[in-house]
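[1] coords below, sequence missing:
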């Protein structure tokens, strides 16, 4: 019954979204890929929203329900039938009456199963498509036959691009860059390599002078013979650089001033749970990367941890990576090998991550430095007792492992959890 209700609601909301798009004719920026969609979507909004009336997908609304909800300007009603009826009513209100509506929509578009994007692309015709990054083992590959099938599914959004639209590609990713052969549209590339039109150089982490704690990242943007510095506070990692470059590429494609776009980026707060820096107990530092996890994202997070200066220990707290299907064992095994050379203490959460722990020990990490837990609550309580001043703690795992509970347990001011952590709304707290 629940699935039937969901299907009916999805169909109604989607029909309303299609009518609203036709009536108001907003310009659409669609962001897809396997990694970095939400951060890129939010960075694009930060760059263009000062110049245009813009709406973005909230959180990670990227499904056959999430995208229409964004178009309607509604929140997820979860299991509340009354709120779903209110959402439907809001859609009808937009259809029947002439209302103020955004000039631009920045939509995150994902695919859990084959056909998700293909079906959406039948009615969603973007003006700009941004493709972020794929991976050897993409997120949500469980329901696809191969990586190539995942890439092809995302490619349906490129096919849906309007004839005068713009395609923005991460040229550091060969699978993404190959989309250039699918279109005659104008293409803008971004990345860290020499051929990218919007390119980042001189990446570094900066630290607080008084404590030596990591505080953010610096890099330069090279574009059209210009070289401009950017500083992002409160976050770490290469993924935030890629998101920034994609956003700046969108801005320049719309004729926005690059200096002003960079200023907008430096004032923007990166999404929760994406390599966010949070003060921990006993003057420690937490790298909160708890929104989700996948092999490529975990690899990036561990490499970031590895490169940091610290006064004490590096602790990696890693939960299961979900929806990897037949790649599950291999992906966790490879993560364990990398973790062995990255951290002083490894804490794993979940059944799948036992493979990660065993692999780290086999690769040379002291067995006494590897702790395994079945759930995040147990892991958080244990960590609270062993953290020391100057420790840096990376916390990462897929959504269902609820790794944000660990961060809440060890953050210096847990009362700030509702403002700083993912999954703090009432529906998630019930789970």
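    Received the coordinates, thanks. Just so we're clear, the structure is a prediction, and the values are computed from it rather than from any experiment.

[2] in its sheet, what does the helix or strand hosting residue 318 sit against?
    Per DSSP states H and E, residue 318 falls inside strand 314-319. Next to strand 314-319 in the sheet, as set by DSSP bridges, lie strand 345-349 (parallel), strand 392-396 (parallel).

[3] got the buried residues for the last one?
    Put plainly, it is strand 392-396. Residues 392-396 are the ones in strand 392-396 that count as buried (16 or more other Cβ atoms under 10 Å). In short, each C-beta sits where N, CA and C put it, glycine included.

[4] beyond the strand holding residue 318, next helix or strand please.
    Once the chain leaves strand 314-319, the next helix or strand it forms, by DSSP H and E, is helix 328-340.

[5] tell me what that next one is packed against?
    helix 295-306, strand 314-319, helix 353-362 (3 or more Cβ pairs under 8 Å, 6 or more residues apart in numbering; DSSP states H and E).

[6] by how many degrees do it and strand 345-349 diverge?
    Interaxial angle, helix 328-340 versus strand 345-349 (axes from the mean of the first three to the mean of the last three Cα atoms, to 10 degrees): 160 degrees.

[7] between helix 353-362 and the strand holding residue 318, find me the angle.
    150 degrees.

[8] off-centre distance for strand 314-319?
    Its chain's C-alpha centre and that of strand 314-319 lie 19 Å apart, by Cα atoms, centre = their mean, to the nearest Å.

[9] mind starting the numbering at 709 from now?
    Sounds good: first residue 709 from here, last item strand 1022-1027.

[10] what residues does that strand touch?
    Residues outside strand 1022-1027 that contact it (Cβ atoms under 8 Å, 6 or more residues apart in numbering): 1001, 1006, 1010, 1013-1014, 1016, 1043, 1047, 1050-1058, 1061, 1064, 1084, 1087, 1091, 1095, 1099-1106, 1109, 1111, 1114.

[11] quick check: PyMOL command selecting the buried ones in the residues you listed.
    To isolate the buried ones among the contacts of strand 1022-1027 in PyMOL, judged by 16+ other Cβ under 10 Å, type:
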select buried, resi 1001+1006+1010+1013+1016+1043+1047+1050+1051+1053+1054+1055+1056+1057+1058+1061+1064+1084+1087+1091+1095+1099+1100+1101+1102+1103+1104+1105+1106+1109+1111+1114
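
[12] which stretches of the stretch 709-858 of the chain form helices?
    710-732, 745-756, 774-780, 789-804, 824-828, 855-867 (DSSP state H, counting those that start in this stretch).

[13] circling back: would you list the strands paired with strand 1022-1027 in a markdown table and tack on distance to residue 733?
    What follows is those, written out as a markdown table (distance: least, Cβ to Cβ, whole Å):
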| stretch | distance to residue 733 |
| --- | --- |
| strand 1053-1057 | 47 |
| strand 1100-1104 | 41 |
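
[14] out of those, which is closest to residue 1138?
    strand 1053-1057 (20.3 Å; Cβ to Cβ).

[15] what does that closest one contact?
    By Cβ under 8 Å, 6+ apart, strand 1053-1057 touches 1021-1028, 1047-1048, 1062, 1064-1065, 1068, 1073, 1077-1084, 1087, 1090-1091, 1094, 1105, 1109, 1111, 1114.

[16] 6 Å instead, please
    Strand 1053-1057 has contacts (Cβ atoms under 6 Å, 6 or more residues apart in numbering) with 1023-1027, 1047, 1064-1065, 1068, 1077-1081, 1084, 1087, 1109.

[17] equivalent analysis for stretch 769-778, please.
    Residues contacting stretch 769-778 (Cβ under 6 Å, 6+ apart): 718, 721-722, 725, 765, 815-818.

[18] can you check stretch 882-898 too?
    Residues outside stretch 882-898 that contact it (Cβ under 6 Å, 6+ apart) are 839, 842, 859, 866, 869, 873-879, 904-906, 953-954, 957, 961.

[19] just the terminal-to-terminal distance for that stretch.
    12 Å (Cα to Cα, to the nearest Å).

[20] so which bits of it are buried?
    If you call a residue buried by 16+ other Cβ under 10 Å, then stretch 882-898 has these buried ones: 883-885, 887, 891, 893, 896-898.

[21] any chance of JSON lines for these, columns distance to residue 770, pLDDT and secondary structure?
    Below are those laid out as JSON lines (distance: Cβ to Cβ, whole Å; pLDDT from 0 to 100; DSSP: H, G, I helix; E, B strand; the rest coil):
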{"residue": "883", "distance to residue 770": "19", "pLDDT": "95", "secondary structure": "helix"}
{"residue": "884", "distance to residue 770": "17", "pLDDT": "97", "secondary structure": "helix"}
{"residue": "885", "distance to residue 770": "22", "pLDDT": "97", "secondary structure": "helix"}
{"residue": "887", "distance to residue 770": "18", "pLDDT": "97", "secondary structure": "helix"}
{"residue": "891", "distance to residue 770": "22", "pLDDT": "93", "secondary structure": "coil"}
{"residue": "893", "distance to residue 770": "22", "pLDDT": "96", "secondary structure": "coil"}
{"residue": "896", "distance to residue 770": "22", "pLDDT": "98", "secondary structure": "strand"}
{"residue": "897", "distance to residue 770": "23", "pLDDT": "98", "secondary structure": "strand"}
{"residue": "898", "distance to residue 770": "21", "pLDDT": "98", "secondary structure": "strand"}
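
[22] hmm, back to that, so of the helices of the stretch 709-858 of the chain, which one's packed in deepest?
    Among the helices of the stretch 709-858 of the chain, ranked by average contacts under mean count of other Cβ atoms under 10 Å, first place goes to helix 745-756 (a mean of 27).

[23] now do that helix: which elements does it pack against?
    Contacting helix 745-756 under the criterion 3 or more Cβ pairs under 6 Å, 6 or more residues apart in numbering; DSSP states H and E are the following elements: strand 735-740, strand 762-764, strand 812-816, helix 946-961, helix 966-975.

[24] can you tell me what sits against it?
    739, 762, 764-765, 768, 814, 816, 840, 951-952, 954-955, 958-959, 969, 972-973, 976, 979, 982.

[25] hmm, back to that, which one of the helices and strands packed on helix 745-756 lies closest to residue 936?
    Closest to residue 936 of these, according to Cβ to Cβ: helix 966-975, at 5.7 Å.
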